[in-house]
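> my questions are about this predicted structure, shown below with the sequence.
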Amino acid sequence: MLPNVNFNVQDSLQALPVSNANSQIKVGVCSDGIVGQVYQVSTTATLTASLGQGPLVEAAAIVLDAAGGPVLCLPINPSSFGSASSVTHTGTGTGTVTVSEAPRVPVQLKIVAGGASGTYTYALSVNGSVYGPTVTSAAGANTVVVPGTLTTLTLSDQTYTTGAVWTISVLGVITLVGTGTVGWVTQQSSPLDTYAAVINIIATGGLGAGQFQYSMDGNNTTSGTILIPSGGAYAIPNTGVVVTFSGTFTALDAYSFTTTTAGFNATDVSNAGAVAIASPISWNWLHLIGEASNSSGAVTIGGTLDTLMTTAFMAYIFVFSILEVPNVEIDTTILTNFVNFVSYRVSAAVGYCALQSPLATSRVEKRNIAWPYAGRLGLIPPGESAGWVGRGALPRVQALYPNFGSTTWDPTALDAGRFTTGRTIQDEAGFFMTRGNMMAPQGSQFARVQDRRVMDVACAITRAAELPYLEGNMRVDPTTGFIDPRDASGFEGVVNSALKNQLVNTKNASGASVAVDRTTDILDTNNLPVAVSIVKLVTLEQITNNIGFSNPAAGA
């Protein structure tokens, strides 16, 4: 075993533990950016210029708005396509609206050198840009991920001709200039985000005559008035969503649908987590943006995150993760599926909120409560509870959605089941985190996220203070073989001072102590046993008042 500073984290009040402060890495889907590359952003301008649009961008913007930067962003592989729901029509008209997906900007694919599959080469142009690098095709059909979009092109197994160009419009229409067949190239696209879309008919009429407005957030924000296209199809700008009108429309009618964006699987999460762990830029927690289809799937993803966090710990990276759990089942189903899931380094968030985007769209979207939770953690010191009322209401949260199958939002059962939830508080305006829960077992000293964070910070401080001693010399008592008390005291003083200055004096812990074992024969082991204890802060969860009338004259 190579020389090192090692940790045994004890789940008791006589603890050791773990990392830094307020830096987080967001992992999710976005339209731009390179999958597997970490981006460090400090402004929304840099964020959108680097990563375009999508849940990763929106979630990072929430943190920048709530806590400032920098924020680390890691695009994940979007291995599954998003989709749109069926359209619900409200009103008396007879017109119909259908939904499809297409690239948000025009895409061109050019055959640079013709030939059969495995020999021809091609290049891409996105949104009118110059053609990118030339790529040699593989044998058989070829799939091509188009950068700057959530679009994949499929080139069938054919013999292609030099100079042929396929153009994919924002309506999803494919045209060909040159030799070949249009159908040799197909496209599949995902909406850029999760939308609650509404098409509102403003003026009666058919194609080229009627007028409409669209909203992508359930009518919280709406577009200007638009003429229904004579061709029927309209690409909603910068969404990857196309609506196609047919028939005659009646004023005041509405057509609503929802979308999901591209998704990922456990392998994608594992690959992204490995990149995050290997990043030279330090971070303290990972927020995985996006949900499994149900709570059973969330357990699987949670297990992947737990494995990643354990891997990080073994590499002396002291971090935890935030998991988004879908609230699409009744509470008892969620609780049952998670009852045996235990993790000291995963915080699972359940419940949805209406969250206003800080970006230019100002859309109010239905988001997992993990979004404002991660923003709050980015703002507060490690020892502070995410639910501290004195910090104020969660910014940009406009409502909490009821539990699935319920009419009101009650986090009691889910909170007791170790989930992180949002809440309202009587006599306090706005919305708050109930508390930051970890998926640790009941009774654990790591049940609350602030204790997890403080322990992470303590481990990082301790390791930094002790590393200079590696391969250094220590004196021993010549009669016992135990460490010389003078060197033991000096070692304790250095580590104690670091913990006091960086943890206790910053009011993230009540106290800390370091004790070198003075009764171990270190001549034979070359191993110095050290006990590090952190005295945590107390988080007030109940305040009980005894109140009544008194008679000032009674004591006279």
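On my side now, so go ahead.
> only C-alpha atoms from now on, for both contacts and neighbour counts.
OK.
> which stretches of the stretch 1-150 of the chain have low pLDDT?
For the stretch 1-150 of the chain, applying pLDDT under 70 flags the ranges 1-5, 7-21.
> ranges for the strands of it?
24-28, 39-41, 71-75, 83-84, 88-90, 96-101, 107-113, 121-126, 135-136, 142-146 (DSSP state E, counting those that start in this stretch).
> packing partners of the first one?
Using 3 or more CA pairs under 8 Å, 6 or more residues apart in numbering; DSSP states H and E, the elements in contact with strand 24-28 are helix 55-67, strand 71-75, strand 285-288.
> then it to CSV, C-alphas only?
What follows is strand 24-28, C-alpha atoms only, in CSV (Å, rounded to 0.1, in the frame of the first residue of the first chain):
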residue,chain,number,x,y,z
GLN,A,24,-21.7,21.9,-7.4
ILE,A,25,-21.6,20.1,-10.7
LYS,A,26,-24.8,19.9,-12.7
VAL,A,27,-25.2,16.8,-15.0
GLY,A,28,-28.0,16.9,-17.5
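> for the lowest-mean-pLDDT helix or strand in the chain, buried residues please.
Every helix and strand in the chain was compared by mean pLDDT, DSSP states H and E; the lowest is helix 522-525, with a mean of 89. Within helix 522-525, the residues scored as buried using 16 or more other CA atoms under 10 Å are 522, 523.
> quick one: which of the helices and strands packed on strand 24-28 is nearest residue 242?
helix 55-67 (19.3 Å; CA to CA).
> residues touching that closest one, excluding its own?
The set of residues external to helix 55-67 that reach it, using CA atoms under 8 Å, 6 or more residues apart in numbering, is 26-30, 42-44, 47-48, 51, 69-71, 73, 75, 192-194, 289-290, 357-359, 371-372, 374-376, 378-379, 395.
> these, buried ones only, as a ChimeraX selection?
With 16+ other CA under 10 Å as the criterion, this ChimeraX line picks the buried residues out of these:
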select :26,27,28,29,30,42,43,44,47,48,51,69,70,71,73,75,192,193,194,289,290,357,358,371,372,374,375,376,378,379,395
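> which other helices and strands does the host helix or strand of residue 460 contact?
Secondary structure from DSSP states H and E places residue 460 in helix 449-466. Packing partners of helix 449-466 (3+ CA pairs under 8 Å, 6+ apart): helix 485-499.
> and for the helix it packs on, what are the contacting residues?
458, 461-462, 465-466, 474-475, 477, 512-516, 518.
> pull the most distant pair out of the residues you listed.
458 and 477 (30.2 Å).
> tell me which residues touch residue 116, please.
Contacts of residue 116 by CA under 8 Å, 6+ apart are 157, 158, 159, 160.
> try residue 462
Neighbouring residues of residue 462 by CA under 8 Å, 6+ apart: 495, 498, 499.
> for my notes, confirm residue 501 occurs in a helix.
Yes: read with DSSP: H, G, I helix; E, B strand; the rest coil, residue 501 is one of the residues of a helix.
> that one - how many residues pack around it?
The burial count assigned to residue 501 is 12, neighbours taken as other CA atoms under 10 Å.
> ok, now how distant is it from residue 24?
From residue 501 over to residue 24 the distance is 23 Å, taken as CA to CA, to the nearest Å.
> now swap in residue 251 and tell me
48 Å.
> looking at these two, which one has more neighbours?
More neighbours surround residue 24 than the other of residue 251 and residue 24, with 26 against 17 (other CA under 10 Å).
> is it correct that that one is in contact with residue 378?
Yes: contact criterion CA atoms under 8 Å: residue 24 and residue 378 qualify, at 7.3 Å.
> before we move on, back to that, mind checking which of the strands of the stretch 1-150 of the chain is nearest residue 242?
Shortest distance between residue 242 and the strands of the stretch 1-150 of the chain, using CA to CA, is found for strand 96-101: 5.2 Å.
> identify whichever of the helices and strands packed on strand 24-28 lies nearest to residue 98.
Taking the helices and strands packed on strand 24-28 one by one with CA to CA, helix 55-67 is closest: 24.2 Å.
> how about that closest one: buried residues?
Under the neighbour-count criterion of 16+ other CA under 10 Å, helix 55-67 has 55-67 buried.
> can you give the distance from it to the centre of its chain?
Distance of helix 55-67 from the chain centroid (CA atoms, centre = their mean, to the nearest Å) equals 10 Å.
> try stretch 177-193
Centre-to-centre, stretch 177-193 and its host chain are 31 Å apart (CA atoms, centre = their mean).
> could you give the angle of the top helix by length along the chain to helix 449-466?
With DSSP state H setting the assignment, residue counts place helix 295-314 as the longest helix in the chain. Angle, helix 295-314 to helix 449-466, by axes from the mean of the first three to the mean of the last three CA atoms, to 10 degrees: 20 degrees.
> what's the first helix or strand after helix 295-314?
strand 320-325.
> which residues sit against stretch 504-520?
Applying CA under 8 Å, 6+ apart, the contact partners of stretch 504-520 are 381-384, 454, 481-485, 488-489, 491-492, 495-496, 499-500, 503, 528-537.
> mind giving me the ChimeraX select for those, buried ones only?
This is the ChimeraX syntax for the buried subset of the contacts of stretch 504-520, where burial follows 16+ other CA under 10 Å:
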select :381,382,383,384,454,481,482,483,488,491,492,495,496,499,500,503,528,530,532,533,534,536,537
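> count of neighbours near the residue lying closest to residue 52 once chain neighbours are set aside?
Nearest residue to residue 52, sequence neighbours excluded (CA to CA, 6 or more residues apart in numbering): residue 32, at 5.0 Å. When neighbours are counted by other CA under 10 Å, residue 32 registers 20.
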